[in-house]
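> Provided below are the primary sequence and the corresponding predicted coordinates.
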Amino acid sequence: MTASDKVFTGSIPQIYERLMVPMIFAPYAQDLAGRIKALAPRRLLETAAGTGVVTRAVAAQLPADISIIATDLNQPMLAQAQSILPAKNVQWRQADALALPFDAASFDVVACQFGAMFFPDRVKGYSEARRVLKPKGRFVFNVWDRIETNEFADVVTQALAVLFSADPPRFLARTPHGYHDTDLIRSDLERAGFKEIAIESVQHVSPAPSPREPAVAYCQGTPLRSEIEARGAPGLDPATDAAANALAKRFGNGAIEGKIRALVITAAAP
């Protein structure tokens, strides 16, 4: 992972929320919210909350008197999230998942949607989640499966590899889809002190009104944008066009669908 992989600034939060959330994040947010509801927490911490898609799903499913603290490293993402959900029982707070500003044994559940892949030290991040969990509390999170099982991301990555053949932008394969080894995930959690680890593969279908939307979403609404812009010519717009053309060639024009697959993990604090 490079330093730019964690940069969600400028117009990225708005594009991310408008295009990425309904396309790939919403179904997994509902999945996590259902799992969290079944655990009946009184205090919930969310790390790497992004623009708040899981926060909104959880707030809709849990009783209004449940305390929810939603955190993210990137303040622009939190600002976008708070503008959508100014709920009284949700506290938005900028925080590093590897150095959480909370007391030990403070929460019943810690949740994290598609954030662990960005942790520079995953064992440390998991150890922090375990530290703030009450005994027998649960850590519930998900990560993307390998890029080949996530069709839109794979097609975009291949298209950019052709356009930038001398130095292909590899953000999507390197970071969002770079942490899918179940043995490694289990080992990292065990090293952090977790028990009762369960890992489940969950597949959904990603919808888009046209090939243009996923091209803009990935090329302009994620840190892939920084990688493209750093390479100079031909530039961001031609790169987005190349991705849209590749998606149209693969899936057709008009409304399209692509398979997406993630791993959903639950682990218990001792």
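Arrived safely.
> For this protein, which residue occupies the most central location?
Nearest residue to the geometric centre of the chain (Cα atoms, centre = their mean): residue 114, 2.7 Å.
> Please determine how far that residue is located from residue 29.
10 Å (Cβ to Cβ, to the nearest Å). For glycine as for every other residue, the C-beta is placed from the backbone atoms N, C-alpha and C.
> where do the strands sit along the chain?
Assigned by DSSP state E, the strands in the chain fall at 43-47, 67-72, 90-94, 107-113, 133-144, 195-208, 256-268.
> Specify the stretch among those strands that is closest to residue 17.
With respect to residue 17, and counting by Cβ to Cβ, the nearest of the strands of the chain is strand 67-72 at 12.7 Å.
> what helices or strands is the closest one leaning on?
strand 43-47, helix 53-61, helix 75-84, strand 90-94 (3 or more Cβ pairs under 8 Å, 6 or more residues apart in numbering; DSSP states H and E).
> And the contacts of stretch 153-164?
Identification of contacts with stretch 153-164 by Cβ atoms under 8 Å, 6 or more residues apart in numbering yields 144, 147-148, 168-170, 172-173, 176-177, 214-215, 218-219, 224, 228, 231, 234, 238-239, 242-243, 245-247, 250-251, 258.
> do stretch 24-44 as well
50, 53-54, 56-58, 60-62, 66-69, 106-111, 113-114, 138, 140-142, 150, 152, 202, 204, 206, 260, 262, 264, 266.
> again with stretch 82-101
Taking Cβ under 8 Å, 6+ apart as the rule, stretch 82-101 contacts 17, 45, 47-49, 51-52, 55-56, 59, 64-75, 78, 81, 112, 115, 119-121, 124-125, 128-129, 131-132.
> could you flag which of the residues you listed are buried?
Among the contacts of stretch 82-101, those scoring as buried are 17, 45, 47-49, 51-52, 55-56, 59, 66-74, 78, 81, 112, 115, 119, 124-125, 128-129, 131-132 (criterion: 16 or more other Cβ atoms under 10 Å).
> Give me the ChimeraX select line for the contacts of stretch 24-44, limited to the buried ones.
Only the buried entries of the contacts of stretch 24-44 go into this ChimeraX selection, using 16+ other Cβ under 10 Å:
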select :50,53,54,56,57,58,62,66,67,68,69,106,107,108,109,110,111,113,114,138,140,141,142,150,152,206,260,262,264,266
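> how many other residues sit next to residue 144?
The number of residues packed near residue 144 is 23, by other Cβ atoms under 10 Å.
> contacting residues around it?
114, 117, 150, 153, 176-177, 179-180, 260-263.
> hang on, the earlier thing: which one of the helices and strands packed on strand 67-72 has the poorest average confidence?
Across the helices and strands packed on strand 67-72, helix 75-84 has the smallest mean pLDDT, namely a mean of 92.
> so where's the stretch 1-150 of the chain uncertain?
Scanning the stretch 1-150 of the chain for pLDDT under 70 picks out 1-9.
> picking up where we left off before, in a markdown table, list the strands of the chain along with distance to residue 100.
Shown next, in a markdown table, are these (distance: least, Cβ to Cβ, whole Å):
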| stretch | distance to residue 100 |
| --- | --- |
| strand 43-47 | 7 |
| strand 67-72 | 8 |
| strand 90-94 | 10 |
| strand 107-113 | 9 |
| strand 133-144 | 11 |
| strand 195-208 | 20 |
| strand 256-268 | 16 |
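> rewinding a little: quick one, which of the helices and strands packed on strand 67-72 gets closest to residue 12.
Taking Cβ to Cβ, helix 75-84 is the member of the helices and strands packed on strand 67-72 nearest to residue 12, at 7.7 Å.
> picking up where we left off before, want to throw the helices and strands packed on strand 67-72 into TSV with distance to residue 163?
Formatted as TSV, the helices and strands packed on strand 67-72 follow (distance: least, Cβ to Cβ, whole Å):
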stretch	distance to residue 163
strand 43-47	35
helix 53-61	30
helix 75-84	28
strand 90-94	36
